[in-house]
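Undergrad: Build me a model from this:
(4 chains)
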Protein chains: 4
Amino acid sequence: MTDFIPKDPDFRARVEEDFAKQNLMQTIGAELALIEPGRAEIVMAKRDDLCQQHGFLHAGITTTLADTAAGYAAFSLMPKGAEVLSTEFKINLLNPAEGKRFSARAEVLKSGRTLSVVRSDVWAEDETGRWSMIASMLASMICLMPK
Amino acid sequence: MTDFIPKDPDFRARVEEDFAKQNLMQTIGAELALIEPGRAEIVMAKRDDLCQQHGFLHAGITTTLADTAAGYAAFSLMPKGAEVLSTEFKINLLNPAEGKRFSARAEVLKSGRTLSVVRSDVWAEDETGRWSMIASMLASMICLMPK
Amino acid sequence: MTDFIPKDPDFRARVEEDFAKQNLMQTIGAELALIEPGRAEIVMAKRDDLCQQHGFLHAGITTTLADTAAGYAAFSLMPKGAEVLSTEFKINLLNPAEGKRFSARAEVLKSGRTLSVVRSDVWAEDETGRWSMIASMLASMICLMPK
Amino acid sequence: MTDFIPKDPDFRARVEEDFAKQNLMQTIGAELALIEPGRAEIVMAKRDDLCQQHGFLHAGITTTLADTAAGYAAFSLMPKGAEVLSTEFKINLLNPAEGKRFSARAEVLKSGRTLSVVRSDVWAEDETGRWSMIASMLASMICLMPK
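TA: All right, here's what the predicted structure looks like:
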């Protein structure tokens, strides 16, 4: 949508280092697939231990992927030394989260000094390799600078 | 807020059976602490493997608890044979998710034939046993009846 | 995003007739600028009597435009005889609502039998004719069929 | 829920002065009915020119009331000189907005230095004087201090 200029040219290293500290990402087997200025993608293979009662990926895990991608999309544009925290998000679940692989793809709509707004969509890959969108999130991320 | 009359007198058994099938609840060590007509509570002890980069519970797990409690609060009022699915939710994260234990407490605001709207707040217990609210969710749940 | 096939070939006449019955649209001077299968646009000139305390368009009016465009985008795909109602929406206000004209542009993400999910962005036109996005909404619309 | 101590003892005068500058409030005939630390209520009589196609209050006006009450609930706790802006909100519409009078009642859940989170419910009064809840909002408000 927009071309963003990162404030920190080393944003990729900073995002990767931060991602590696997120224990939950390892617990659920999620990986950072893409990081560009204002954009991020997180991917994860389906796992039965992350499903709900009908065998679909639990909405909480779909949300985890979308929120994490949204956070790094915003973080990529923040200055060195900043920390990012989600302040709120809303997700619409469009279709049951069925598939062998899931991907959350986030792009920043607005990168403010304090608040960023990010759109983050989750896609599922079926057995034939076809991807379809299963959820859409709008999230607010806050930039915290150490005192 | 309102006194709800459950359509299915055996709603507790139905909820407990459904909860037991949610693999993710076992994966994260969450338990159903309360189920009343239109109300539910889910509790979980803090675990480092479910945290984000600053050592707080990941917002995706906070959301998982709130969503699951909201789903069962709505499900408790649905007729026998129904299935419940989240169609959307929004959560505001009020404070960092620090604590030794977390509890999501949901209550139905509106129980419609097709859609239910549920408020679900997440609380954290600190080392001294004091609880404080860390997040608030508004969720929509859909009632699906088998054909 | 997707090409939608309308269930009712006369959807345009149905949408225009419905729009004409919305008193609020006349009250605020809003017009239906575009209606295509799964897409709608509503436009409105700035008016001081619809502003908030800083002279920006009130967030409630920005929301009115986004919600109305979202409703007609969903309605365009519903069968003859259906009625549409908003069940929920969330809007992120990206920038102050300054401008001489405002436009809400909605597109359906998912058109279900009961529920539709719609993305609706609001744009503002400045004095030089340049448009920029000031808000983004995700909305759920329900399709009601007469008994 | 919580007892809030206002930072500015003259918060009532500040809120009333600000409310009087909101043109839209006069346009729709809304009044500030209550302002307490962290709480606000806005009331409005039904008017046909603010309705949608089925004769219910337009969801955008319901939202306008809820957002405005939420803004003043947050503003009541902000320091002298601050300005308040909505950054996002989500509303669930529980029941058709029928009634002779409407009231939005907001209470702050979290009053932060930069961001406040507010719950704002809208109620409708029927012909017999009975009030029922028709909508529930969760909103974020930002505190802006002049440089």
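
Undergrad: what residues does chain A put near chain B?
TA: Contact residues, chain A versus chain B (C-beta under 8 Å from any C-beta of the partner chain): A:18-19, A:21-24, A:26-27, A:48-54, A:58-61, A:63-65, A:67-68, A:83, A:85-93, A:96. Quick note: C-beta positions are derived from backbone N, CA and C, even for glycine.

Undergrad: ok, and which of those reach chain C?
TA: The residues of the residues of chain A next to chain B that also fall near chain C, by C-beta under 8 Å from any C-beta, are A:90, A:92.

Undergrad: Sort out for me which of the residues of chain A next to chain B are in strands.
TA: With DSSP state E as the criterion, strands contain A:83, A:85-93 from among these.

Undergrad: and the residues of chain A next to chain B, which are buried?
TA: By neighbour count, with 16 or more other C-beta atoms under 10 Å in any protein chain shown, those hold A:18-19, A:22-24, A:27, A:50-53, A:58-61, A:63-65, A:67-68, A:85-93 as buried.

Undergrad: So in chain A, which helix runs the longest?
TA: Longest helix in chain A, counting residues (DSSP state H): helix A:59-75.

Undergrad: Between strand C:131-144 and the longest strand belonging to chain A, find me the angle.
TA: Secondary structure of chain A read by DSSP E shows that its longest strand is strand A:131-144. With axes from the mean of the first three to the mean of the last three C-alpha atoms, to 10 degrees as the basis, strand A:131-144 and strand C:131-144 are set at 130 degrees to each other.

Undergrad: Using CSV, write out the CA atom coordinates for strand A:131-144.
TA: Extracted in CSV, the C-alpha atoms of strand A:131-144 (Å, rounded to 0.1, in the frame of the first residue of the first chain):
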residue,chain,number,x,y,z
TRP,A,131,-4.2,-20.9,-0.1
SER,A,132,-7.4,-19.2,1.1
MET,A,133,-7.9,-16.5,3.6
ILE,A,134,-9.5,-17.6,6.9
ALA,A,135,-9.2,-14.5,9.1
SER,A,136,-8.6,-10.8,9.1
MET,A,137,-7.3,-8.7,12.0
LEU,A,138,-7.0,-5.0,12.6
ALA,A,139,-4.5,-4.3,15.4
SER,A,140,-3.0,-1.3,17.4
MET,A,141,0.6,-1.5,18.4
ILE,A,142,2.3,0.9,20.8
CYS,A,143,6.0,2.0,20.6
LEU,A,144,7.6,2.1,24.0
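
Undergrad: Please give me every residue in contact with the nearest residue to residue A:50 once chain neighbours are set aside.
TA: Ranked by C-beta to C-beta, 6 or more residues apart in numbering or on different chains and with sequence neighbours excluded, the top spatial neighbour of residue A:50 is residue A:61, at 4.8 Å. Residues in contact with residue A:61, defined by C-beta atoms under 8 Å, 6 or more residues apart in numbering or on different chains, are A:28, A:44, A:50, A:97, B:24, B:60, B:64.

Undergrad: ok, now residue A:99?
TA: Neighbour list for residue A:99: A:46, A:57, A:124-126, A:134 [criterion: C-beta under 8 Å, 6+ apart].

Undergrad: Can you tell me which of those is nearest chain C?
TA: Nearest to chain C out of the contacts of residue A:99 is residue A:134 (C-beta to the nearest C-beta; 9.3 Å).

Undergrad: burial of that closest one, as a residue count?
TA: By other C-beta atoms under 10 Å in any protein chain shown, the residues close to residue A:134 number 23.

Undergrad: center of chain A - which residue?
TA: Centroid-nearest residue in chain A, with C-alpha atoms, centre = their mean: residue A:69, separated by 1.3 Å.

Undergrad: And residue A:147, what's its pLDDT?
TA: We have a pLDDT of 74 for residue A:147.

Undergrad: Could you look up the SS state of it?
TA: What DSSP: H, G, I helix; E, B strand; the rest coil gives for residue A:147 is coil.

Undergrad: Which single residue in chain A comes nearest to chain D?
TA: As assessed by C-beta to the nearest C-beta, chain D sits closest to residue A:90 within chain A, at 5.5 Å.
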